[in-house]
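J.: Predicted structure and sequence below. I'll ask about it afterward.
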Amino acid sequence: MKVIEKAVEYAAYAHDNQYRKKTRLPYVSHPVTVGFYLLQSGVREEVVAAAILHDVLEDTTTTFSDLEKEFGLEIATLVEGCSEPDKNLIWEERKKHTIRHLECASFEIKQIACADKLHNLRTIHVELQKDGDRVFEKFSRGREKQRWYYESILASLQANLTDSQSEWHLFGELEETIHQVFPNYVE
């Protein structure tokens, strides 16, 4: 549990003064929730810690070297495996890269990515119930592009898994949440 506590503290400092998209909710609430999803799923502590740290490489000044020094090569590598490429690329290019990368990623990286996307979609679902389709105005790409992205991510997460891995419950929860947010979702 010590590595998880250290990850929470590290993420809190790294994401200081960052907020969830167009809200006043501290950003760190997102990676901590992603970590909780995985902790509740019984994954290894190192994977939970990486989940809590999953956005520090792409959204803060933290480097791979910083993470490796603080948490070791395994956790730093898991975080790197969940990070988008250069933020200067256009949205579509970054998302296509993530989709391709997740098809062949390790099961643990897929678990972190799934929990990340699940929390994002659950947040969108709550906001949809409160504000309707206006929720999609906060994104640089609207509802249909978001739908394309989440449907594609789910397919990538489910690719190249063993039978037992494909039964992991958060994959099913992600699919269910996609159906809730995008009711016309077609498999």
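T.: Yep, that arrived.
J.: and residue 155, what pLDDT?
T.: pLDDT for residue 155: 97.
J.: contacting residues for it?
T.: By Cβ atoms under 8 Å, 6 or more residues apart in numbering, the contact list for residue 155 reads residue 99. In this view, the C-beta of every residue, glycine as well, is placed from N, C-alpha and C.
J.: give me that answer again for 6 Å
T.: Counting by Cβ atoms under 6 Å, 6 or more residues apart in numbering, residue 155 touches no other residue.
J.: got a list of what the residue nearest the centre of the chain touches?
T.: Geometric centre of the chain, nearest residue: residue 116, 2.3 Å, by Cα atoms, centre = their mean. For residue 116, the contacting residues are 34, 54, by Cβ under 6 Å, 6+ apart.
J.: run the last query once more with 10 Å
T.: 30, 31, 33, 34, 37, 38, 51, 54, 55, 82, 153, 174 (Cβ atoms under 10 Å, 6 or more residues apart in numbering).
J.: Among those, which ones are in helices?
T.: 30, 31, 33, 34, 37, 38, 51, 153, 174 (DSSP state H).
J.: Is the second one in contact with residue 119, as I believe?
T.: So that's residue 31. Yes. If you go by Cβ atoms under 10 Å, residue 31 and residue 119 touch, sitting 8.9 Å apart.
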